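Novice: Structure here, sequence nowhere to be found:
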């Protein structure tokens, strides 16, 4: 006899990658962002690109001592600064980002950076996934 049944599609959503560390190179020109597993490179970023593609910033962090910014510098950003303006002020003129491997992204520090060790680095939400698997996004 034939038994009629229906099935539901099942998708396993794996755990999102986790940013485990951010470290400054000995030559002070590169900040390595290390993840716990391989990522999809922030939705497949290639080459060198604007840091605003993968990183975000928070206005309240700009006035923290770890930003290295003076009150006057923060005020020059205005009320609605671009990602490029903020990252240039923090990480220097010519700052760019890139992926060294699927597990490590880098901020290539530009000329005359202002940040101080300990300043927070924020990933853009809903961008990074674990390798090529179907997973939740890192935030």
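Specialist: Yep, that arrived. Just so you know, these numbers come straight off a predicted model, no measurement behind them.
Novice: quick one: low-confidence parts of this structure?
Specialist: Residues of the chain that meet the criterion pLDDT under 70 lie in 1-13, 132-139.
Novice: rerun that using 90 as the cut-off
Specialist: For the chain, applying pLDDT under 90 flags the ranges 1-17, 42-44, 126, 128-139.
Novice: And the residue lying closest to residue 47 once chain neighbours are set aside, its phi and psi?
Specialist: Of all residues not flanking residue 47 in the chain, residue 98 sits nearest, at 6.7 Å (CB to CB, 6 or more residues apart in numbering). (C-beta placed from N, C-alpha, C; glycine too.) The phi/psi pair for residue 98 (degrees, to the nearest 10) reads phi -160, psi 170.
Novice: and residue 98, how many residues sit next to it?
Specialist: 18 (other CB atoms under 10 Å).
Novice: cool, the one 5 residues further on as well?
Specialist: Using other CB under 10 Å, residue 103 has 17 neighbouring residues.
Novice: same check, this time on residue 83
Specialist: Other residues close to residue 83 by other CB under 10 Å number 15.
Novice: now the closest residue to it other than its chain neighbours: how far from residue 130?
Specialist: The spatial neighbour of residue 83 that comes closest, neighbours along the chain excluded (CB to CB, 6+ apart), is residue 52 at 2.9 Å. Noted for residue 52: a distance of 23 Å to residue 130, by CB to CB, to the nearest Å.
Novice: of the two, who's got more company?
Specialist: residue 130 (23 against 16).
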